[in-house]
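In: How does the following fold in three dimensions:
(chains A and B)
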There are 2 protein chains.
Amino acid sequence: MPRFKLTLEYNGTAFVGWQRQKDGRAVQQALEEALEAMCSTPVETFAAGRTDAGVHASGQVVHFDLNRDFTADRIRDGLNFYLREQRIAVLESSIVDDTFDARFSATARHYLYRILNRRPPPALDAGFVWHVPVPLDADAMHAAAQVLIGHHDFTSFRSTECQAKSPERTLDHLAVSRVGEEIHITVRSRSFLHNQVRITAGTLKMVGEGRWTAKDVKTALEKKDRSAAGPTAPADGLCLTRVDY
Amino acid sequence: MPRFKLTLEYNGTAFVGWQRQKDGRAVQQALEEALEAMCSTPVETFAAGRTDAGVHASGQVVHFDLNRDFTADRIRDGLNFYLREQRIAVLESSIVDDTFDARFSATARHYLYRILNRRPPPALDAGFVWHVPVPLDADAMHAAAQVLIGHHDFTSFRSTECQAKSPERTLDHLAVSRVGEEIHITVRSRSFLHNQVRITAGTLKMVGEGRWTAKDVKTALEKKDRSAAGPTAPADGLCLTRVDY
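Out: Purely as a prediction, here's the structure:
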């Protein structure tokens, strides 16, 4: 049975996240309904990143098995037809070896967190940025971010509801830069804990405001206590941009 | 009575355009309601560009007279409070000389037209781009665009419903470039005819597809007949980015 790999872009605003939930509509559900409408058979899909409610993707990766003689291009175009009102688009489709697993084969996940750092609120980018009206020092944020790089126990930087067995992760890249009126936080790791990127953004924002130093971030990490780090930044600013295999 | 100048950003999707209409909600109406809520007096506003339904702005300029002792900053922050659910934001506010007129004092208007030129439809930028799935040649579009630069009778490039007395305009700048998966058309003129930028985008798209040459664009201009030019591109891709005084 052929295994398909898809790269997805989606606007997470109207969804409860990637994964099916009891209440609300999930990206997974929308995709599986489109697959069933197109292929007349139920299909289960598996994603690289279980993005939360309101989190966007420009490079989510999904796999599924399908017992149909469809080309990869036909899957892409057919799904884009069925998904046309859903703010989900299939960017790429390919047939892969059945050892490929979107979640477990991933070697790195890349996220972008966007802060709109100006006094007026966003009109054009509402839903895609965290609006922080007080001026932030991006250089100080970048410098402080470096204490999080490497292999650490990230207990302070994960949701208290995180279900991962181990709180240890290896952060390969974390950079902060100013891009016009925005501050972009880019981050890369083999895998992330629940809310890890958003808690990182919320903590670095405190550094940007001058309320915290790099040393405070290091202390928060070492405390291994969620309440020692900064707040969880809103989902709006977060986007899963790429998954490496 | 102090005259205020505002710079506005707005998402035009939910509006019938800048100007009040019999049906639907106009940006002007939302702004004037916010002003009245804040200042407890009816206020009439005047804009540099009468953007159409669905057209966005990142640099619309508006003026109004207000018989209240408000600072420019208070106007900006107060309006942003009242407009917070409307996808309209006041970027700048200043008190100007009462000879300033947002519409008639303008020396140049700048627009950006965005085409998403890839096979999959937009999920993140839906409503902000024209989706053209067939590959476009941006260099050919740019070269052809140059025949429109300068002072011309733009009858072929204005809506048949355009109410401007003269079809003559001077196009100062028209450039086409590829930016990743997008094609950006930037344009500048003292003033534009109704639908002029969208008809220009629709015509240049035909060049990008290889169906028209620069010579065909020149012929269309010389015919002084709306039906000689290309189709009117959708409002989604258009944004008023700046007004010069």
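In: Name the SS class of the residue lying farthest from the centre of chain A, please.
Out: What lies farthest from the middle of chain A is residue A:69; by Cα atoms, centre = their mean that is 32.1 Å. Following DSSP: H, G, I helix; E, B strand; the rest coil, we place residue A:69 in the coil state.
In: what's the spacing between it and chain B?
Out: Distance, residue A:69 to chain B, using Cβ to the nearest Cβ, to the nearest Å: 22 Å. In short, each C-beta sits where N, CA and C put it, glycine included.
In: swap in residue A:201?
Out: Separation of residue A:201 from chain B (Cβ to the nearest Cβ) stands at 19 Å.
In: residues contacting that residue?
Out: The contact partners of residue A:201, by Cβ atoms under 8 Å, 6 or more residues apart in numbering or on different chains, come to A:113, A:115, A:130, A:185, A:233, A:237-238.
In: Nearest spatial neighbour of residue A:239, chain-adjacent residues omitted?
Out: Nearest residue to residue A:239, sequence neighbours excluded (Cβ to Cβ, 6 or more residues apart in numbering or on different chains): residue A:56, at 4.3 Å.
In: Give me the number of neighbouring residues for the one you found.
Out: If you count neighbours by other Cβ atoms under 10 Å in any protein chain shown, residue A:56 ends up with 26.
In: now do the one 5 residues further on
Out: Other residues near residue A:61 number 25, with proximity taken as other Cβ under 10 Å.
In: Tell me the bridge partners for it.
Out: With DSSP bridges as the criterion, residue A:61 is bridged to residue A:7.
In: So for it, what pLDDT did the model give?
Out: Turning to residue A:61, the model gives it a pLDDT of 98.
In: Residue A:101 versus that one, what's the distance?
Out: Look at residue A:61 and residue A:101: by Cβ to Cβ, to the nearest Å, they are 10 Å apart.
In: hmm, which two among the contacts of residue A:201 are most spread apart?
Out: A:115 and A:238 (10.8 Å; Cβ to Cβ).
In: Put the alpha carbons of the strand ranked longest in chain A into CSV.
Out: The strand that spans the most residues within chain A, counting by DSSP state E, is strand A:168-179. The C-alpha coordinates for strand A:168-179 follow below in CSV (Å, rounded to 0.1, in the frame of the first residue of the first chain):
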residue,chain,number,x,y,z
GLU,A,168,15.3,16.8,28.3
ARG,A,169,15.7,18.2,24.8
THR,A,170,18.6,19.5,22.6
LEU,A,171,18.0,22.9,21.3
ASP,A,172,20.2,23.3,18.2
HIS,A,173,19.3,26.9,17.2
LEU,A,174,17.6,29.9,18.8
ALA,A,175,18.0,33.3,17.2
VAL,A,176,16.2,36.6,17.7
SER,A,177,16.4,39.4,15.1
ARG,A,178,14.5,42.6,14.2
VAL,A,179,12.8,42.7,10.8
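In: can you give me the mean pLDDT across it?
Out: If you average the pLDDT over strand A:168-179, you get 98.
In: Give the pairing partners of that strand; include direction for each.
Out: strand A:150-153 (antiparallel), strand A:182-189 (antiparallel).
In: contact partners of the first one?
Out: Outside of strand A:150-153, the residues within contact range by Cβ under 8 Å, 6+ apart are A:167-171, A:221, A:224.
In: Including neighbour count and distance to residue B:27, could those go into CSV?
Out: Converted to CSV, these look like this (neighbours: other Cβ atoms under 10 Å in any protein chain shown; distance: Cβ to Cβ, whole Å):
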residue, neighbour count, distance to residue B:27
A:167, 16, 49
A:168, 12, 52
A:169, 21, 46
A:170, 12, 49
A:171, 21, 44
A:221, 19, 47
A:224, 14, 51
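In: right, and residue A:3 touches residue A:72 too?
Out: No: at 10.8 Å, residue A:3 does not count as touching residue A:72 under the criterion of Cβ atoms under 8 Å.
In: So for those two, which residues contact both of them?
Out: residue A:95.
In: For residue A:206, which non-adjacent residue is closest in space?
Out: Closest to residue A:206 by Cβ to Cβ, 6+ apart is residue A:212, at 4.2 Å.
In: Just the pLDDT for the one you found.
Out: Note for residue A:212: predicted pLDDT of 98.
In: what does chain A have sitting close to chain B?
Out: Applying Cβ under 8 Å from any Cβ of the partner chain, we find that chain A lies next to chain B at A:8-11, A:56, A:58, A:76-77, A:80, A:84, A:87-91, A:118-124, A:126, A:128, A:239.
In: Buried ones only from those, please, as a PyMOL command.
Out: Restricted to buried positions by 16 or more other Cβ atoms under 10 Å in any protein chain shown, the PyMOL selection for the residues of chain A next to chain B reads:
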select buried, chain A and resi 8+9+10+11+56+58+76+77+80+87+88+89+90+91+118+119+120+121+122+123+124+126+128+239
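In: Narrow the residues of chain A next to chain B to those in strands?
Out: Using DSSP E to define strands, the subset of the residues of chain A next to chain B located there is A:8-10, A:56, A:58, A:88-91, A:239.
In: Of these, which pair is most distant in space?
Out: Greatest spatial distance among these (Cβ to Cβ): A:90 and A:239, at 16.9 Å.
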